[in-house]
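[1] I'd like to go over a predicted model; first the sequence, then the structure.
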Amino acid sequence: AVGVAYFLLTGIVPQFAQILTDLGSELPLLTRFLIAVSNFLRSATLPLLFLLVILVFAYRWYYGTPQGRKVIDRVKLRMPVFGNLNRKTAVARFSRTLALLLSSGVNIVESLDITKGTAGNNVVEEIVEAAKLRIQQGDPLNLTLAQHPLVFPPMVSSMVAIGEETGALDTLLSKIADFYEREVDEAVASLTAAIEPLMIIFLGVIVGMIVAGMFLPLFKIIGTLSAQ
C-alpha cells in the first residue's frame, strides 16, 4: 500500500499537476497540498533512502554492542502490541528447546546452557544464565522464572514447579510450548487481520485525495471551457 501510494504521488500527481498548471486556473488548497507533497517526495527520495541506509547501519552497529543489544532486546519485550508477541515467542522457544533437550537425556545444566544460545533475546539469555547458576547451587528452575514475570508469567513458573516436583519437567515444558505456540499463531493472525483493513483504508484515503484534488478541478476546468 505504501508503494502504491508513493507511485500515485510521484508518478500520477505530477502529470495532472502539469495539465492543471498549463490550463492556468487557480488550484484548490487540496490540489496545491498534493502537488507540494509530490514535489517533496520526488526531490527527497534519494536523501530519504540515504538516511534510511544510515539508520539501518547505525541500528545494526548499536545492536552489535553488548549494551545496545541489552537495551534493544529489553525494548522489544516492552513494545506496545509487539512486546506481548515477542514475550510469547520467547517463552515458546525456551520451553520447546528445553523440553526437547531434557527428553533426549541431556542434563538440566547443559540443557539450559544450550537453550540460552537459542533464546534470541539478551534479556531471556540473562534469565536462563541466572537459572543455570542457581540450579548449580541447588535451587529449582521455577524460582528464577518466578522472579521475572514480565517474560515468564506465573502460569509458566507454576507449571515448571509442578514438573520439577513430579519429575515430568520435559512433559510440562512441552505443554507450555504448545500453549504459547498457539498463542503466537493467534496473535499473528489477529495482527494480520487488523493491519490489512488499515492498509486498505490508508490507500483508499490517498486515492480519494488524489481524485478530489486532481480529477475534480480538471473536470471543473473542462466544464468551464466547454461552457465558453
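    Thanks, I have the structure now.

[2] which residues are in contact with stretch 70-79?
    If you take CB atoms under 8 Å, 6 or more residues apart in numbering as the criterion, stretch 70-79 is touched by 62-63, 82-83, 86-87, 90, 121-124, 150-151. Every residue, glycine included, has its C-beta placed from N, CA and C.

[3] against V71, how distant is R60?
    Separation of R60 from V71 (CB to CB, to the nearest Å): 14 Å.

[4] typed the wrong thing, it's M79
    M79 is 13 Å from V71, by CB to CB.

[5] R60 and V71: which is more packed in?
    Set R60 next to V71 and count neighbours by other CB atoms under 10 Å: V71 wins out with 14 against 10.

[6] just checking, what packs against the helix or strand harbouring S174?
    Using DSSP states H and E, S174 sits in helix 169-210. Counting by 3 or more CB pairs under 8 Å, 6 or more residues apart in numbering; DSSP states H and E, the packing neighbours recorded for helix 169-210 are helix 2-7, helix 29-63, helix 82-103, helix 154-166.

[7] report the buried residues of the first one.
    In this case it means helix 2-7. Applying a neighbour-count criterion of 16 or more other CB atoms under 10 Å, one finds A5 buried in helix 2-7.

[8] quick one: contacts of the following helix or strand past it?
    On the C-terminal side of helix 2-7, the closest following helix or strand by DSSP H and E is helix 13-23. Applying CB under 8 Å, 6+ apart, the contact partners of helix 13-23 are 27, 31, 34-35, 37-38, 42, 210, 214-215, 217-218, 221.

[9] ok, the residue positioned nearest the centre of the chain to H148 distance?
    The residue lying closest to the centre of the chain (CA atoms, centre = their mean) is F82, at 5.7 Å. Plainly put, F82 is 19 Å away from H148 if you go by CB to CB.

[10] ditto for A187
    Relative to H148, and taking CB to CB, A187 is found at 20 Å.

[11] what mean pLDDT does stretch 68-79 get?
    Mean per-residue pLDDT for stretch 68-79: 91.

[12] in it, what's buried?
    So stretch 68-79, judged by 16+ other CB under 10 Å, has buried residues 68-70, 73, 76-77.

[13] tilt between the helix holding S174 and helix 154-166?
    In terms of direction (axes from the mean of the first three to the mean of the last three CA atoms, to 10 degrees), helix 169-210 departs from helix 154-166 by 160 degrees.

[14] now for this structure, the helix or strand with the poorest mean pLDDT.
    Here the helix or strand of the chain ranked lowest by mean pLDDT, DSSP states H and E is helix 216-227, holding a mean of 66.

[15] now this protein, which segments are flagged as low pLDDT?
    Residues of the chain meeting the criterion pLDDT under 70: 1-2, 22-25, 221-228.

[16] chain center to stretch 65-85: distance?
    11 Å (CA atoms, centre = their mean, to the nearest Å).

[17] ok, now which ones touch A212?
    L30.
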